[in-house]
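**Q** Any chance you could fold what I've pasted below:
(one chain, ligands or ions: 1)
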Amino acid sequence: MSPADLPLAPATFAARVLAWFEVNGRRDLPWQQSRDPYRIWVSEIMLQQTQVATVIAYYQRFMARFPDVESLAAASLDEVLRHWSGLGYYARGRNLHRAAQWVMIHGGGRFPVDVETLQALPGVGRSTAAAIAALSTGARATILDGNVKRVLGRFLACDAPPGTARDRALWATATALTPAQGTDAYTQAMMDLGATCCTPRRPRCGACPLQSDCRAARTGQPEDYPRRPSARTVPEVALQLLAVTDADGRVWLERRPPRGIWGGMWCLPEGPPDAAPADWCTQWFGTPPERCAALPEIRHVLTHRRLRIQPWQLALPEGAGEVPQRPGVWYLPGTPPPGGMVRPVLDLLAQWPASSPFGPAAHPLDAFGPA
Ligand code: SF4
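**A** Here you go, the predicted structure:
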């Protein structure tokens, strides 16, 4: 596979994709209403691992609070992660904050638009840097995100194993296909084609502008391309999360250690897997709980782990537990959280029945107001 193998001239390829985009492209997404590189950067980072439908509300809340790189750099990391709560892959939020501070210190507050400087920002790789440059200035910069890899891998029926050699060939092909003019529209068009037409499962080849020359479509099994990495076994980890509540309906939260699962996020304390929750409560809060109940098990998938979470509710008696022997905070559900919170805890607090010591269910994200 190389640019010389292309079944179509690059200009014809781009013209077909652009004509398709003219009719089918997405143009009303909130981050498409501006060419501000800061706004495009935030959207590209949010979209790296998350579906568009989920990102929209997060993006709007984030922009309402951090409308420019200056406000993002000046905020605390806790506040940034609070706006990332539930979005997952929290290193993205931490990198965003670090990158904003870098821009303020080393870039004089002007968000960069050249690929080389963009790529030096924490969390910005080659394709993301190119997307920001192309979408904000129209510069000829080549992207190769997951969507574009899939489109090109199928168009050329690439059956090379995943790895550096294949990536190098795909980059060369993507570069050869990127037009010198109208790169912004072409970049968006390729992203849209991969996201809405050449989807991972059941691609809509009948609606695709590349179908007549697509080698994977010709095989009748387009989903088989490009070859995927062999499935790896993801280890399962069991853990207990302990929801200690006081008589005022507050719940005890602790910040996770900076490294490891959910590093730096605010969470319910994790009890040792073999400890009895009531004994744990007595040890740290100086009193046995008035009520100790197992809640329904939660399954949660991370990149490298599958979590089997057993939550417990530990209700302290009146007047107890004001000074626990652990660092953390009492948090009243429905009020702004102390920092970033992870999806299983957000959902657990939001689903708490009205009769519980947490009081009526209120999703912690509701504390930000409507998106
Ligand atoms: S024809 Fe089908 S497999 Fe080929 S690029 Fe289009 S949607 Fe993907």
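**Q** need the helices for this structure, in chain order.
**A** Along the chain, counting by DSSP state H, helices occupy 10-24, 37-47, 52-65, 69-74, 77-82, 91-106, 115-119, 126-137, 146-155, 164-177, 183-192, 215-219, 277-285, 343-350.
**Q** For the ligand, what's its nearest residue on the stretch 251-371 of the chain.
**A** In the stretch 251-371 of the chain, the residue that lies nearest the ligand is Thr303 (25.9 Å; Cβ to the nearest ligand atom). For every residue, glycine as well, the C-beta is placed using N, CA and C.
**Q** which ones are touching that residue?
**A** Contacts of Thr303 were listed using Cβ atoms under 8 Å, 6 or more residues apart in numbering, and they are Tyr89.
**Q** Recalculate using a threshold of 6 Å.
**A** Listed by Cβ atoms under 6 Å, 6 or more residues apart in numbering, the contact set of Thr303 is empty.
**Q** Look up how far Ile261 lies from it.
**A** Using Cβ to Cβ, to the nearest Å, Thr303 is found at 10 Å from Ile261.
**Q** And the pLDDT for Pro357?
**A** Looking at Pro357, its pLDDT is 45.
**Q** quick check: domain ranges of the chain?
**A** Domain segmentation of the chain under automatic domain parsing yields 3-224, 236-368.
**Q** Up against the ligand, what does the stretch 201-350 of the chain have?
**A** Neighbours of the ligand within the stretch 201-350 of the chain, by Cβ under 6 Å from any ligand atom: Pro203, Cys205, Cys208, Leu210, Gln211, Cys214, Ala216, Ala217, Pro222.
**Q** quick one: the second one and Ala216 touch, right?
**A** Translated: Cys205. No. Contact criterion Cβ atoms under 6 Å: Cys205 and Ala216 do not qualify, at 8.6 Å.
**Q** and those two? which has more neighbours close in?
**A** Ranked by neighbour count (other Cβ atoms under 10 Å), Cys205 and Ala216 place Ala216 first, with 25 against 17.
**Q** how about the helices of the chain, which one is nearest Pro311?
**A** The closest of the helices of the chain to Pro311 is helix 343-350. By Cβ to Cβ, the value is 5.8 Å.
**Q** Tell me the buried residues in that closest one?
**A** Residues of helix 343-350 classed as buried under the neighbour-count rule (16 or more other Cβ atoms under 10 Å) are Pro344, Val345, Leu346, Leu348, Leu349, Ala350.
**Q** What of stretch 73-82?
**A** Judged by neighbour count using 16+ other Cβ under 10 Å, the buried positions of stretch 73-82 are Ala73, Ala75, Leu77, Asp78, Glu79, Val80, Leu81, Arg82.
**Q** Same question for stretch 186-206.
**A** With burial defined by 16+ other Cβ under 10 Å, the residues of stretch 186-206 counted as buried are 186-195, 197-198, 203, 205.
**Q** What lies in contact with it?
**A** For stretch 186-206, contacts defined as Cβ under 6 Å, 6+ apart pick out 14, 17-18, 21, 25-26, 134, 143, 147-148, 150-151, 179, 207-208, 211, 217, 222.
**Q** Could you pick out the buried ones from those?
**A** Using 16+ other Cβ under 10 Å, the buried ones in these are 14, 17-18, 21, 25, 134, 143, 147-148, 150-151, 179, 208, 211, 217, 222.
**Q** one step back: let's have the buried residues of helix 343-350 in JSON lines, adding pLDDT.
**A** As requested, the buried residues of helix 343-350 are exported to JSON lines (pLDDT from 0 to 100):
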{"residue": "Pro344", "pLDDT": "92"}
{"residue": "Val345", "pLDDT": "92"}
{"residue": "Leu346", "pLDDT": "90"}
{"residue": "Leu348", "pLDDT": "89"}
{"residue": "Leu349", "pLDDT": "86"}
{"residue": "Ala350", "pLDDT": "82"}
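**Q** how near is Thr196 to Met190?
**A** Applying Cβ to Cβ, the value for Thr196 to Met190 is 11 Å.
**Q** Oops, could you answer that again for Ser127 instead?
**A** The separation that Ser127 has from Met190, given Cβ to Cβ, amounts to 11 Å.
**Q** what pLDDT does Val342 get?
**A** Val342 is assigned 92 on the pLDDT scale.
**Q** What is the neighbour count of Arg259?
**A** By other Cβ under 10 Å, 7 other residues sit near Arg259.
**Q** whoops, Pro235 was the one
**A** By the measure other Cβ under 10 Å, the count of residues near Pro235 is 8.
**Q** contacting residues around Glu44?
**A** Thr128, Ala131.
**Q** ok so, going back, wait, which of the domains of the chain is closest to Ser230?
**A** For the domains of the chain, distance to Ser230 was read as Cβ to Cβ. The smallest value, 9.2 Å, belongs to domain 3-224.
**Q** Report the residue spans of the stretch 251-371 of the chain with pLDDT below the cut-off.
**A** For the stretch 251-371 of the chain, the stretches with pLDDT under 70 are 321-323, 352-371.
**Q** quick one, strands of it?
**A** With DSSP state E, counting those that start in this stretch as the criterion, the stretch 251-371 of the chain has strands at 251-255, 266-267, 270-271, 291-294, 298-301, 306-315, 329-331.
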